[in-house]
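>>> From the sequence below, what's the structure:
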Amino acid sequence: MSKNSLHKLLAEKRCVIVCGGGGVGKTTTAASLALSASKLRKKILVVTIDPAKRLAEAFGFTQRALEQGGEPILLSDESKQKLGIAADVSLSVGILNPKYVLEQIIEQTLSPTQAETLKKTMLYGQLSEMVYGLQEYTAYEWVTRMIKDSEYELIVLDTPPSFHAKDFFLVPGKIRNLMESKVFQLFSPKRGGFFKAVMSFGWVEKLLGEKVYRESRMFLETFSLLRDRILDRCDLLSKFFTQNEVAVVAVSTPESSAMFELEGLSRFLTERSIHLEAVVVNQVEQSSSALPDDELAALETMSSDLVAKIKKLELHQEKRAEKAMLAVEKCRAKYPGIDIVCAPMVYDADGFSILKKTSDAIIPTI
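Below is the predicted model of the structure:
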């Protein structure tokens, strides 16, 4: 791959999926990639999951928006100016909320009466906990809808947090298996099914109680109408990652555990014919540079103990930087066909500054 391959992805692809293990900085990296893309495209959307407070504030999100999700929010002119985004470029940010996206799916599939009936049941409120992978599934639903609508030239998707990065790619198959499982079909209220027979017994109502019985029946009868829609979507989503307009970018750190996770993810993607386009090695410690003249002069006024501690800290920083770069070089040797780029460890409390510094480091040619 050329040195500008990540630059090319941002300039040509319709969707860039940012994945990686927990704690590697996927959200910051996804936002930084979207910021870099704003130098190349006119309309960009970054879909993020649970951004850190400082990033949320930089994007202008209220606490209400973070909790409820909703349609993407266009960055204000003030935020764009602080991030160095041109006036004629629009960068929108969407917070993924499974409940919000699920409501969209229900409204598209069911009649208004059926949708209202389903939402009123107590089981509906627990749906996200009942169906494993619902957050990932709704991420697919939302992004594929945005691509189909062609409202954005590029969508950067920050994948939901999971124990293993590869879990995100397994969700379509797992949800399909659930929908086709004997347990689901057994309790599906189809004509002549087990569900209908059992629920017709009076003792079931007495056992569950009138309210639980009534709502459970309404929930299962109504939710079953979504089954065919979900099965069809899972077939499409399982092929989503291999489409030419979609690129997968992994995020790691120099830490051995993160590199081990990256190795497993790379092998997993290869087995499924999903091409890993690039790797961003995040949180790379930088070498301590020589102190400015005014700070060197200040050292002369400090006590010998304080100067010794500063020198010790500089030495420690140098060793951390050397260790990090060694990990990066090993990564480049292990994945010769994949573009490996570095993002520095940024010590800053300002969300705008973090995004700009990370973006400039990831794509320095822009």
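
>>> What segments of the stretch 1-150 of the chain are helices?
5-12, 26-37, 53-59, 63-68, 77-83, 98-109, 112-120, 127-130, 134-149 (DSSP state H, counting those that start in this stretch).

>>> This structure: strands as residue ranges?
Here the chain has its strands, by DSSP state E, at 15-19, 43-48, 73-74, 90-95, 154-158, 246-252, 276-284, 339-344.

>>> which of the ones you listed sits most buried?
strand 154-158 (a mean of 27; mean count of other CB atoms under 10 Å). (C-beta placed from N, C-alpha, C; glycine too.)

>>> Give me the contact list for it.
With contacts defined as CB atoms under 8 Å, 6 or more residues apart in numbering, strand 154-158 is touched by 10, 13-18, 26-27, 30-31, 33-34, 37, 41, 43-49, 139, 143, 146-147.

>>> what bits of the stretch 251-366 of the chain have low per-residue confidence?
For the stretch 251-366 of the chain, the stretches with pLDDT under 70 are 288-300, 364-366.

>>> What segments of it are helices?
Using DSSP H, counting those that start in this stretch, helices in the stretch 251-366 of the chain cover 256-271, 293-299, 304-334, 351-362.

>>> how about CSV for those, with distance to Glu277 added?
Shown next, in CSV, are these (distance: least, CB to CB, whole Å):
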stretch, distance to Glu277
helix 256-271, 10
helix 293-299, 42
helix 304-334, 15
helix 351-362, 13
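
>>> pLDDT score assigned to Arg217?
For Arg217, the pLDDT comes out at 63.

>>> neighbours of the residue nearest to Ile105 when sequence neighbours are not counted, just the number please.
If you skip the residues right next to it in sequence, Ile105 has Glu141 as its closest partner in space, 6.1 Å away by CB to CB, 6 or more residues apart in numbering. Residues near Glu141, counting by other CB atoms under 10 Å, number 19.

>>> contacting residues around Glu141?
Counted by CB under 8 Å, 6+ apart, Glu141 has contacts 101, 104-105, 233.

>>> May I ask which of those has the most neighbours?
Result: Val101 is most packed of those (other CB under 10 Å), 23 neighbours.

>>> By mean pLDDT, show me the worst of the helices of the stretch 1-150 of the chain.
Across those, helix 127-130 gives the lowest mean pLDDT, at a mean of 58.

>>> what about the closest residue to Glu322 other than its chain neighbours, distance to Thr27?
If the residues on either side of it in the chain are set aside, Glu322 comes closest to Ser287, at 7.8 Å by CB to CB, 6+ apart. Taking CB to CB, to the nearest Å as the measure, Ser287 falls 26 Å from Thr27.

>>> Of these two, which one has the most company?
Thr27 (21 against 12).

>>> okay but the more buried one is in contact with Val47, surely?
No. Counting by CB atoms under 8 Å, Thr27 stays clear of Val47, with 10.5 Å between them.

>>> about what we covered before: can the helices of the stretch 251-366 of the chain go into JSON lines with extra columns for mean neighbour count?
Shown next, in JSON lines, are the helices of the stretch 251-366 of the chain (neighbours: other CB atoms under 10 Å):
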{"stretch": "helix 256-271", "mean neighbour count": "16"}
{"stretch": "helix 293-299", "mean neighbour count": "10"}
{"stretch": "helix 304-334", "mean neighbour count": "13"}
{"stretch": "helix 351-362", "mean neighbour count": "21"}
